[in-house]
Every structure is written in structure tokens, then in C-alpha cells.
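K.L.:
quick one: sequence plus predicted model below, questions after.
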Amino acid sequence: MASQDDQSDHGGEGPEIAILFVVVAFFIGTLSRQMVGKIKVPYTVVLLVIGIGLGSLEHGTHRGLGALGQSIRMWSKINPNLILFVFLPALLFDSSFSMEFHQIKRCIIQMLLLAVPGVIISTLCLALVHHCVFPYGWNWSISLLLGGLLSATDPVAVVALLKDLGASKKLNTIIDGEALMNDGTAMVVFELFHQMAMGKHFSPGDVIEFLSKVSLLALGLGLIIGMITVLWLGFIFNDTVMEITLTFAASYFAFFLAQSVAEVSGVLAVMTVGMFLAAFARTAFRGESQQAMHHFWNMVAYFANTIIFLLSGVVIAENILRSQSFIEARDWGYLVLLYLFVQLSRALVVVVLYPGLRYYGYGLSLKEATVLVWAGLRGAVALALSLSSCFAEFRLFMQVSGNVSEITRAKFVFFTGGVVFLTLTINGTTTQFLLRFLRMEKTTDTKRLVLEHVMHDMNMKAVEAYEELGEDEELGPADMTTVYKYIGCLNQFGRGHHPHGLAPNVEDSRSIQLQDTRLRFLNGVQAAYWQMLEEGRISENAALLLMQSVDEALDGVAKQEELSDWTGLRPYVHIPKYLKLLQSKRPFFPQKLVHYLVVERLELGCYVTAAFLRAHVYVRRHIRDFIGETEVTKAVIKESEDEELEAKRFLEDIRLTFSQVLRVVKTKQVVHAILVRLHHYIRSLEKSGLLEEKETVQLSDAIQLELKKLLRKPPTVKIPKGSQVLRDHPFIAALPDHIQAQLVSCAKQCLKLRGNVICEEGSRADGLWLIANGVVKWSKRNLDKNRSLHPVFAHGSTLGLYEVLMGMPYLCELTADSVVQCFFLEASKVLSICRSEPRLEHYFWQESTLAISKIILPETFELLAMHELRLVFESSSTTVSCLRGEVVELRPGETALLVDGFIKRDESDEIIAAPSAVVCPHRASLQASGNTTCVHSFTYLNVLRFSDGSYYGSVLDVVARSRLIIVRCDLFTATSSMSLLPRRSSLGRDSFIQRARMSSFDRKPRSGRARSFATFFQVLTSAF
């Protein structure tokens, strides 16, 4: 590691003393990261200053640091090439792998302009300064060498700052991508001029050949290693350790193979590997694996930056102190002059290339160009190069050639370290003020509304938490005032207001608000895709296409265009004519062949379309609550609904022509979801201590094998007969066998096309409809359209049963919103079974309430899918039959659904008729929202009051014989908040399921088959 003379100076200490510097560096790095948040100085600046201080103490006080000083001296004399091979691959791969490939594609020309012509212009300008302005008599080779050394930018601190202040994403991508690419260019240029300085002569043809070989071969080598890595990752299944190890080995192997074996650019090779993985292995890492990968590479890059900047500071101090006789007073002035010329050369590069930067990619505004000029920091790469072979072989060349090697070497280190220090300290610390001066961190009206909503919900959650935790039997109550005093975030942001009551900011134009809302909408859609990938609802290929479509739509939104994420999916979502021919000529072709071709060709389109529709529905549900009922919100929601039309038509065509494809896709989703649910269940048992590690591993391995089998050998599903489809409907499946037989024999199967009216509002209820497949939309006259954002019933719904039991007309109009497969049961047959089987009366009423609850109380039940709603009523509801004169008292968190009869509020003459709902929320919810207990029906909304500020419950008087179904609504979450509540799924599958299963209410007994079906249904439902 060091020469014999140097080793003799270590006082007999062995090489193990070198580890001390690493340990101290990590302690210093930890302390620096803590200081950064308080003093607002880039982390790398602090490390460089501390490194200079350590080097000054050691080399300026004659080893005053003892053992640490010996360790520092060993590291300062380490083989310079080892610095590059150990730290550079980690920094390069972390930067390239973390970039979004779509952003890279759009900005690639801008990056190349800055990385190739920009580096050449900067190198020539700085070389001209070194040769003509500086009085050192350096020849062109030496001048070009230092110019190339100072051309590598490292804007790590600036990029982090841009993200914190909310600058545009395109500016982050351009600056980060430029730094990544010109690292490779600068190293190639540096290597060329380094060989020139070593005495090797190059003709113009030799220069072109050298640059082509070093660059193109490096790119080819990176592509080969990247493809091998992606293929290898395809054979690794849910093994985070192996995935991380493979990416780590690929990055370092690419750098070593390129730099040492092929003698081409290792930087370009590693950069290519990272970008290739970012493009084609983006969805291979998800969930815990994605988080682990992200944390691992962040940690590796943090370690590399800590060592490089700290060691660079030590080496800078050492060389300056050792070369005091070579560094004159005028050199400090020339250092400042060089810093100014570096800024001028950077400005010249941006000005010369500005037409191209503005025309290509996302374009570049004058404000962004100004930030681009000021963000040209020098850092890790320049320092690593200065510690590399330049000062080993180059020094040997200078000594052999008889030139003033020590003076030139000293000034090289002085100017390189000085420019890095000045750019980091001046540019890095003042960029935030430049951004504020240019008003690039301005908060839009939409962002203000979102922040107000979050603050409002934070206070609401704090009040709810206090209600749950503020008092117990052992310790008594807590002091509310003190609690709020110590919740700093609430004191800092204030109590907040609901955004619906906030006036819009007149300074923000409608176009800006529209753009911001569309961006948030698409970001929510992309987040939903990631969650669906984690849950197994979409394949990796489908996820890549969906992510890419959102990225392209975001580009359009940046140009003030409407939502267009379906446009990127359209080429993959269509039915080829040859498949229709195969389907029509099925007797002439083997059935298995037809099934294989149809499923393989259309499965991807079904995944993509279903995910697209689900994500848009989910985001529409939440964006109105987040931003409020504004003209902008309505416009964006309308754009989303318009985009859905073609997607729905595609699924309708599939359902009509190739229904087996949809069944295969759904079957795979259910199998995957159940296996994932079982995996989480096993992990929860391990955390609770009920399973040992060995047992957990054994059970997890069994589940992983099933998941691997599902991916390698997807299921083939036969289309069931109509009678079997009807028997699988939840309403029919829970009935006894003989009742099932009666209903199946008299049911009429129907196929409704999109737009067909199933039943009209006010018409005679001559039967009920069981929805087996498809979506049905409901509408009602004289009902506020804004009350229900998504008024639909999906498969598994039982519609019209309530009207049949009550003998009243249909309450709303039902229209097919897609191709709907349904079954019609005549009212006379249903009523006959109800009279002959009195024990089923309770079940019939409870089933009828499922659809009614979505109509009369959409604020609470609309977000729940039908299977979730059925589980809520199964596990957390009770039916109450009351006679005239009786009193019903609701507890906080309960909702009473009046399905038959008349009631009135205590001390009020207003009569409430069925169907209606009485909601009795918690006091905390009312305090936070400003509402009180309320009564919902089709036509009115009345308020019950609190007495003396305390909640006493809701008391209802029965006017005539009535039937109520009381549901514990506090056992589940049906809220519009996307981010504040724990969710099992981003698609509205709230965590109420697990809590609902822990609750038990007295219910009338059901048949054995009904109980067994309900148990299976709970297990199956919990998988979604």
C-alpha cells in the first residue's frame, strides 16, 4: 500500500491500522448529516472541510493525531487506481439506476449536448486559460489535462436541493443526467490528454479512433452485461439478497472488465448497465425488495461519498502543506481567477448550446438555464481523478523527463482541490437563494389546497388518537392542552381548514391549476399501478407498459395537454382479426391451440385495460376530496371518464367474444392474492411469536413454490355453464341446496350490452337481478349528483330484492355500464320462498340492504366493493325489529339503516320513513369535521345535537312497526384520504377487513351451508 520508506514511518503499526480511518470517517459522516439539517450546508462541503482540517492537523502538527494520523497517512498513500475501482462504480450505478428511463429518453439529446460538446468546449476554454493566462509555462498537453480534469461536474448537493425545493423534474433529470454522462466523457478526455502528457503522440485520425473505441466498446460491453443481468433476474424469485448481490456484482464487474481488460471507459460501461436495468428491470424489484434495493444503494453511495470527500480533503491539505515552498501567494489569486473562469466557461457552454437545449427534449427556460449554469459543481469524480494514476504515473513521467515535477504536481492538486472546494461552498450553498430569487419554488393554488387538507386530517387524526389513548383505567386521563403543546407539527402548521371551504388563489391561472391537478391525478394512477403489481393484479410486462403510458401522459400535461395516458396503451389493446377467425372456425382447429393463442395474445391487453380502469376509478374517488369541488376538479374527472370509453369497449368485446380470457386473468389474480395473503399471515404469526423461524421458513418456501408455479405455468380455465355461474353468485351460494335448485330452475339468464336499461325508476318491481359479470350504473331523479362520485354496482350484486320484499316500485334506474351477464328472478318466486322458509327472512333483508346502503348513504359505503360490504354486514351488523312506542339508542360509531317502517327523533315530530339511514359518528370525528350526528335519506339531511358539548348518543322513537339493521361503522374505514390511513391496497381495500373479523355480534343462525360459505368468503375476501 505504501513504499518502504513510508511504512517505516508508521511506528511499527500493521496494515490493520488502516481500518481506523474508515471507522472515524463514518462517525464524522454521521455527525455531518446531523449538522446539515441545522446549518443548511451541503453534506459534501462539510466532509471536505473536515478532511482538510484532519489533514492539516496531521501533516501540520507533526503527527499530532497519533494512531488516527498513522491511518490517515496510510490512506493518503493508497494506490490511486484503487480509489477509482472501489468507489466510482458504486456512485455511477446508484445515479444511473435511480433515474427514470422515460426521462432519460426525453432528455438524452440535451444530456449529450452538455456531456460531449459541452465538455469539449469547457476543456478547451480552461486549457486556453492555463496556457495563456497562467504564468506557469505549461504546454498544451498539461493545460488540456487539467482542463479535462475540471470538466467533470458533480451536482449531488444541487440535485438534492432542487428536489427539496420542488423544482421541475426535468431540470433535475438534465442536471443529474449531464453529470452522469460527462463523467464518462471527462474521463475519456482525461485519459486521452493523460497519454499525451505521458509523451504519446496522436494524429487527428488516432484521436477519433481512440474516442470511438473507448466509448462505443464501453457502451456495447455495458449492454451485454445489462442484458445478462436482466435475464438472470428473471430466474430469481422473491430473493432480495440475491437480487441486490447480482446488481452489485454486475456494476463492479462491468467497470473492471471495461477499465482493466478491454481498456475502454469503465464509467460508460457502468452507466449503461444502470440505465439498462432502470429501463427493463424496473418492475422486477417491488415491495420489500424495491425498498431494500433503494436503501442498499443509497448506503453504498453514502459510504463512497463519505470516504472520497474526506480523503480528498486530507490529500489536499497534505499536498498544500508539503508543497508550501511551491505554492506562492499569487497562486491563491490565480485559484480565485480559475474559479471565475470555470463559471464563465460553464456559462459559455450553456449559452452556445442553449438553442439545442431549448429545442430538444422538454426544452429549457431562461430561469432553468441560469440554474444549470450555477449548478456546475465539481466533486467526487474530479477528486477521484486527482487521486488516481495522474499523480502516480504522471509524477513518474515528470521525474524521468526532468521537468519541474514537484511544482507542477503541487499546483495540480492545489487548483483541483481549490476549485472543488469553492464550487461546493459557494455554488452549493447559494443555489437555494438563486431558486428563491427566480421564484422557482412557488406554491400553486392546488398545492395549497392539498396542504390544507392534510393539515385538516392531521388534526382530525390527533383528536381521534386522543379519544382512544387519552384515558385508561390504570393511569386515568391525560391533559389535552399539554398533549397538543408537544405535538410540534400541529403547532407549526396550525389547525388547518377543510379545502372545500377555502377560496381559490386568484393569482393562479386556471391553466396552472389544471396542469397541477392533472399531474397529481397521473401520479396517483402510477402509484395505483405499483400497488397492483405488488398485489399480483398485473404482470411485470403490463406494469412496464402502464408506467410508460403515464410517463408519456405527464409529458403531455407539461405542455398543457389533457389527460392522455390511454394513448400509449392503445397499440397493445385490440383484438387481431386472425383471433376472431380462429374463434369462429373453432371446430377446424384444436381447442387447446385456440385457447393458448387467444389467452397469450389477449391476456396482456386485459391486464392493461382492467388496471387502467381500476386506477382511474380509484384516483377519481380521492382527488375531489383532496382538492375540493372546483371547476378544475370536474374538468379533470371528465377527462378521465372520457378516456375510459375505449377501454370499456375493449373489455366488452373480450367479454362477448373471448370470455375465457377474462376468467383466466381473474383466476390468476385471485390465486396470487390468496398466496400473498397467506405469506403475510405467516409473517404475522412469526412476529407474534407463535411460529419459530424454522417453521416460518418452511411454510414460506412452500408458498413461494406455489407462486413460482403460478408464474411459470399459468392456469387454464374452462368457461362454466350458466347454472354454475348462478350457483357461484354470493346470494345463491349461501342458500340451502334445495332452495338453490328452485331458484336456478326458474332463473332467466340475460346479456345486457352497454347502455341497455335493466329497470326504470318507478316501474313495478316484478323481480330481482343477480349481476354475475360486468358493471351496472344506478341513477335517481331529484338526487344531488355530487353525493355519489362512482354510482355503480359490480358483479356479485343483488339488485331489486329490497323493492320485491317491500312491494314497492324500483327506487332507481339501473343501466348496464359494460357488457353485463345477469340473471332475473321473478318476484313471486322469491316471495314464495320467503314465506315457506321463515328462517331465511333475516338473510333476505340483510342481502337487500347491501344495495340500498350504497344508494342512501354513499358517503360511507360507496368506496366499498360488494364483497367487502357483504363481509361488513356479515360480521358487524345486527337486525332489530321494533314495535310502536319502543326506543332505539345508537352508540357512537353505529349506523342504523331503516329498511321498513317509520321512526322519529327524540323530542321531534319529524317522521323518518324507510329507506333511510341514521349515522351516529364519534365525537372526535364531529369535532374535527364540524358536523354532528346526521340523518340521511333521499330528500333531506337533518342534524341531531350534542348536549353541553358532550355526546350522549342518538335516541330514536319507533312510530310504527319497523325493521332496522345496525352496522358498526367504526370497524372499517371508508374515507377519502389516500395517505393518512393504513391501507392494504391502494385501490380502496381498507384495513377494515381485519378489524371486522375480530368483531362478533349476535345474529340469527343461518344454515350450515350458509355458514361454511361465509367462512370461505371471509378468507377469499381478505385476499383482496
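P.N.:
That came through fine.
K.L.:
tell me the SS of the closest residue to Val880 other than its chain neighbours?
P.N.:
Using C-beta to C-beta, 6 or more residues apart in numbering and skipping the chain neighbours, the partner closest in space to Val880 is Leu964 (4.7 Å). For every residue, glycine as well, the C-beta is placed using N, CA and C. Per DSSP: H, G, I helix; E, B strand; the rest coil, the local secondary structure of Leu964 is strand.
K.L.:
same deal with Thr283?
P.N.:
Put simply, Thr283 is coil when judged by three-state DSSP.
K.L.:
so it versus Val670, what's the distance?
P.N.:
Going from Thr283 to Val670 by C-beta to C-beta, to the nearest Å gives 21 Å.
K.L.:
quick one: which of the two has more around it?
P.N.:
Using other C-beta atoms under 10 Å as the criterion, Thr283 and Val670 rank with Thr283 on top: 19 against 15.
K.L.:
the more buried one contacts Ile538, correct?
P.N.:
No: if you go by C-beta atoms under 8 Å, Thr283 and Ile538 don't touch, sitting 9.0 Å apart.
K.L.:
do you know how far the residue lying closest to Met99 once chain neighbours are set aside is from Glu889?
P.N.:
Spatial nearest neighbour of Met99, excluding adjacent residues (C-beta to C-beta, 6+ apart): Ala278 at 6.0 Å. Using C-beta to C-beta, we find Ala278 at a distance of 60 Å from Glu889.
K.L.:
following element in sequence after the helix or strand harbouring His102, please.
P.N.:
Taking DSSP states H and E as the criterion, the element that holds His102 is helix 101-115. For helix 101-115, the following helix or strand on the C-terminal side (DSSP H and E) is helix 117-128.
K.L.:
what's that next one in contact with?
P.N.:
Applying C-beta atoms under 8 Å, 6 or more residues apart in numbering, the contact partners of helix 117-128 are 140, 143-144, 146-148, 150-152, 178, 182, 185-186, 189, 338, 341-342, 344-346, 348-349, 352-353.
K.L.:
state the mean pLDDT of it.
P.N.:
For helix 117-128, mean pLDDT is 87.
K.L.:
can you report how many residues lie near Arg884?
P.N.:
Using other C-beta under 10 Å, Arg884 is surrounded by 12 other residues.
K.L.:
equivalent analysis for Arg614, please.
P.N.:
Using other C-beta under 10 Å as the criterion, the residues surrounding Arg614 number 19.
K.L.:
check the one 4 residues further on too.
P.N.:
Applying other C-beta under 10 Å, we find 23 other residues in the vicinity of Tyr618.
K.L.:
how about Gly755?
P.N.:
By the criterion of other C-beta under 10 Å, Gly755 has 10 neighbours.
K.L.:
pretty sure it sits in a helix.
P.N.:
No: per three-state DSSP, Gly755 lies outside any helix segment and is coil.
K.L.:
gap between it and Glu191?
P.N.:
Separation of Gly755 from Glu191 (C-beta to C-beta): 68 Å.
K.L.:
what about dumping the CA coordinates of the helix holding His102 to PDB?
P.N.:
Output of helix 101-115 as PDB, limited to C-alpha atoms (Å, rounded to 0.1, in the frame of the first residue of the first chain):
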ATOM      1  CA  PHE A 101     -35.700   5.700 -18.200                       C
ATOM      2  CA  HIS A 102     -38.500   7.700 -19.700                       C
ATOM      3  CA  GLN A 103     -36.900  10.900 -18.500                       C
ATOM      4  CA  ILE A 104     -33.600   9.800 -19.900                       C
ATOM      5  CA  LYS A 105     -35.100   9.100 -23.300                       C
ATOM      6  CA  ARG A 106     -36.700  12.500 -23.500                       C
ATOM      7  CA  CYS A 107     -33.600  14.400 -22.200                       C
ATOM      8  CA  ILE A 108     -30.900  12.200 -23.900                       C
ATOM      9  CA  ILE A 109     -30.100  14.800 -26.600                       C
ATOM     10  CA  GLN A 110     -29.900  17.600 -24.000                       C
ATOM     11  CA  MET A 111     -27.600  15.400 -21.900                       C
ATOM     12  CA  LEU A 112     -25.400  14.500 -24.800                       C
ATOM     13  CA  LEU A 113     -25.100  18.200 -25.800                       C
ATOM     14  CA  LEU A 114     -23.800  19.100 -22.400                       C
ATOM     15  CA  ALA A 115     -21.800  15.900 -22.000                       C
END
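K.L.:
what helices and strands are in contact with it?
P.N.:
Here helix 101-115 touches helix 169-197, helix 266-280, helix 329-359, helix 540-558, going by 3 or more C-beta pairs under 8 Å, 6 or more residues apart in numbering; DSSP states H and E.
K.L.:
pLDDT (mean, whole number) over the first one?
P.N.:
To tie it back to what came earlier, the one meant is helix 169-197. Averaging pLDDT along helix 169-197 gives 72.
K.L.:
okay, buried residues for the helix or strand that it is followed by please.
P.N.:
Where DSSP H and E defines the elements, the next helix or strand beyond helix 169-197 is helix 204-233. Residues of helix 204-233 classed as buried: 211, 214-215, 217-222, 224-226, 229-230, 233 (neighbour count, 16 or more other C-beta atoms under 10 Å).
K.L.:
let me see the contact set for Asp94.
P.N.:
Neighbouring residues of Asp94 by C-beta under 8 Å, 6+ apart: 274, 297-298, 300-301.
K.L.:
and the two most separated of the residues you listed?
P.N.:
Using C-beta to C-beta, the contacts of Asp94 span at most 14.1 Å, a distance reached by Gly274 and Asn298.
K.L.:
these two: which is more packed in?
P.N.:
Gly274 (27 against 12).
K.L.:
correct me, but the more buried one touches Ser95?
P.N.:
Yes: contact criterion C-beta under 8 Å: Gly274 and Ser95 qualify, at 7.3 Å.
K.L.:
Asn182 and Leu150 touch, don't they?
P.N.:
No: using C-beta under 8 Å, Asn182 is not in contact with Leu150; the gap is 11.6 Å.
K.L.:
for Ile903, what is the enclosing helix or strand?
P.N.:
In this structure, Ile903 sits in strand 902-905 according to DSSP H and E.
K.L.:
from the chain's centroid, how far away is that strand?
P.N.:
In terms of C-alpha atoms, centre = their mean, to the nearest Å, the centre of strand 902-905 is set 48 Å apart from its chain centre.
K.L.:
what's the separation between Ser684 and Ser875?
P.N.:
For Ser684, the distance to Ser875 equals 19 Å [C-beta to C-beta].
K.L.:
then Trp332?
P.N.:
78 Å.
K.L.:
so which of these two has more stuff around it?
P.N.:
Ser875 (21 against 12).
K.L.:
Three-state assignment for the residue nearest the centre of the chain, please.
P.N.:
The C-alpha lying nearest the average C-alpha coordinate of the chain belongs to Ala527 (C-alpha atoms, centre = their mean; 4.7 Å). With three-state DSSP as the basis, Ala527 sits in helix.
K.L.:
so what pLDDT did it get?
P.N.:
If you check Ala527, the pLDDT there is 89.
K.L.:
same thing with Cys746?
P.N.:
pLDDT, Cys746: 90.
K.L.:
start the count at 57 instead of 1 going forward.
P.N.:
Will do, 57 is the new start, and the previous item becomes Cys802.
K.L.:
now Gly580: closest residue in space, sequence neighbours ignored.
P.N.:
Distances taken as C-beta to C-beta, 6+ apart place Val675 nearest to Gly580, at 4.1 Å, with adjacent residues excluded.
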